[in-house]
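> coordinates for the following, if possible.
(2 chains)
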2 protein chains.
Amino acid sequence: MTQQQAHGSIRPGGRTARTRTAVLDAALEKLGAGQYAELTVEGLAARAGVHPSTIRRRWGSVHGVVLDLFDHIAGEIRIPDTGSLREDLRRLAEGILTLYTSAQHRNTLFRMVAAATAHPEGERTVRDFFAARTRQVSGMVRHAAARGEIPPGTDVLAVVEAVSAPIYYRLLISRQPLEPGVARRTADATYHAARAGTFIRRRPAAAESSAGGARGRKTFR
Amino acid sequence: MTQQQAHGSIRPGGRTARTRTAVLDAALEKLGAGQYAELTVEGLAARAGVHPSTIRRRWGSVHGVVLDLFDHIAGEIRIPDTGSLREDLRRLAEGILTLYTSAQHRNTLFRMVAAATAHPEGERTVRDFFAARTRQVSGMVRHAAARGEIPPGTDVLAVVEAVSAPIYYRLLISRQPLEPGVARRTADATYHAARAGTFIRRRPAAAESSAGGARGRKTFR
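Down below sits the predicted model:
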């Protein structure tokens, strides 16, 4: 991947990748049309012009194909390792923001969110994908802790959440434009909070109650 | 509103509010079924058992009804003013988090996001709603600046975004549970970042380019 990748289709280089290209393109098309529920191995195979068994062998299931598709898209965002956490966070935030300046990628995100809210299988795919991405970013956080930039025990998930959430908030909730200043601001905010120890993982006791458990905690209605 | 409000229906007290109750309930029902596009003044009126002219007089349009519905739901979150920004932020985050421990409210959020991504009118409603909510929170931020807790010129929108985005990120993107610790963490992160001056409003020059303008800034692909 893929300097020459065009928005709107999947074009990894190399001849052996032709099947992957065709199958991911078929999945992207189905997703773009909001048809997550109708995704089947047979449908994808027919659209991509391959045998269903080829898809089953390579990806296992539709879940595997969609994960690979998301992974391919997310591959546009390099995980930086500059030796400075602040700089790493700025580049990561800028990478996410830049990805979604593409209308095609914004649309895929919207479809993905819709699939996750509407289908248990879609939810599993989205959750697995973001969990995998979070693991990929963990090196950045660990290295920063090793350099003494942030306290040991800083939670990777919390850092990833803090740095990327405002971008998704603009896209999905407040519907505000993705100004370039947003990336720098969210990165710097995350940096200051991380240095202050806000993201240190707490003992399980503190995280014991789940969302349901929080229901009784309305203290200021 | 409304100690006695039940999740799943709108029950503001008082006799004169009966029309509002019926109309907001009808809108909630339609939204819950994912039928934003089919919302009409006539349809709502029929469902609520009132004259279309009553709806037009009171809310102007479907847009006005849906805004009032969102406002009613968001009314469950009190805007705190404790004299401490850190505490205010914690309570605000806890209020948002607690709201979405209700499956009904989560579902309304999902429908709202879907409507905003699928219909220009839905997008306008959601954008207007969050803009209004942000204005409501502005006092909290201004008071904190007046007390010297955070620098003057701190941007309200950036603060609201920072404190609430991680909660929406969990709900819509990473699909992680809303552990109570999340509210405290996101509030404290926002507090540290605000004190460090991260959210000071920049000169227009910095925010000049829009999302489209960011497209040329892919420097690390």
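> nearest spatial neighbour of residue A:56, chain-adjacent residues omitted?
residue A:41 (6.1 Å; Cβ to Cβ, 6 or more residues apart in numbering or on different chains). C-beta coordinates here come from the backbone N, C-alpha and C atoms, glycine included.
> wait, what's in contact with the residue sitting nearest the centre point of chain A?
Computing the C-alpha centroid of chain A and ranking residues by Cα atoms, centre = their mean puts residue A:130 first, at 4.6 Å. Residue A:130 makes contact with B:173-175, according to Cβ atoms under 8 Å, 6 or more residues apart in numbering or on different chains.
> okay if I get these as JSON lines plus secondary structure?
Written out in JSON lines, the entries for the contacts of residue A:130 read as follows (DSSP: H, G, I helix; E, B strand; the rest coil):
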{"residue": "B:173", "secondary structure": "helix"}
{"residue": "B:174", "secondary structure": "helix"}
{"residue": "B:175", "secondary structure": "coil"}
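> packing partners for the helix or strand where residue A:57 lies?
Using DSSP states H and E, the secondary-structure element containing residue A:57 is helix A:52-59. Secondary-structure packing of helix A:52-59 (3 or more Cβ pairs under 8 Å, 6 or more residues apart in numbering or on different chains; DSSP states H and E): helix A:18-32, helix A:41-48, helix A:62-74.
> can you do 6 Å?
When contacts are defined as 3 or more Cβ pairs under 6 Å, 6 or more residues apart in numbering or on different chains; DSSP states H and E, helix A:52-59 packs onto helix A:41-48.
> got the angle between the helix it packs on and helix A:18-32?
Taking axes from the mean of the first three to the mean of the last three Cα atoms, to 10 degrees, helix A:41-48 and helix A:18-32 form an angle of 110 degrees between their directions.
> quick one: residues in contact with helix A:41-48.
For helix A:41-48, contacts defined as Cβ atoms under 6 Å, 6 or more residues apart in numbering or on different chains pick out A:22-23, A:26, A:52, A:55.
> so where does the closest residue to residue A:140 other than its chain neighbours fall, helix or strand?
In space, not counting the residues next to it along the chain, residue A:140 is nearest to residue A:88; the distance is 5.0 Å by Cβ to Cβ, 6+ apart. When elements are assigned from DSSP H and E, residue A:88 belongs to helix A:85-99.
> from the contact counts, what lies against that helix?
In terms of contact count using 3+ Cβ pairs under 6 Å, 6+ apart, helix A:85-99 is assigned the packing partners helix A:156-169, helix A:180-195.
> ok, now with 8 Å
Of the remaining helices and strands, those touching helix A:85-99 by 3+ Cβ pairs under 8 Å, 6+ apart are helix A:120-146, helix A:156-169, helix A:180-195.
> what mean pLDDT does stretch A:92-103 have?
For stretch A:92-103, the mean per-residue pLDDT is 94.
> just how off-centre is it within its chain?
Here stretch A:92-103 shows a centroid-to-chain-centroid distance of 11 Å under the convention Cα atoms, centre = their mean, to the nearest Å.
> buried stuff in it?
For stretch A:92-103, a neighbour-count test (16 or more other Cβ atoms under 10 Å in any protein chain shown) marks A:92-102 as buried.
> how does chain A divide into domains?
As recorded under automatic domain parsing, the domains making up chain A are A:15-62, A:75-202.
> residues making contact with the helix holding residue A:57?
A:19-20, A:23, A:41-42, A:44-45, A:48, A:64-65, A:68.
> do stretch A:100-117 and chain B come into contact?
Yes. Using Cβ under 8 Å from any Cβ of the partner chain, a contact is recorded between stretch A:100-117 and chain B, made by A:100-102, A:110, A:113-114, A:116-117.
> nearest to residue B:199, of the residues you listed?
If you rank the residues of stretch A:100-117 next to chain B by distance to residue B:199 using Cβ to Cβ, residue A:100 comes first, at 21.6 Å.
> ok, for that closest one, nearest residue in space, not its chain neighbours?
By the measure of Cβ to Cβ, 6+ apart, the closest residue to residue A:100 outside its immediate chain neighbours is residue A:106, 5.2 Å from it.
> number of nearby residues for the one you found?
17 (other Cβ atoms under 10 Å in any protein chain shown).
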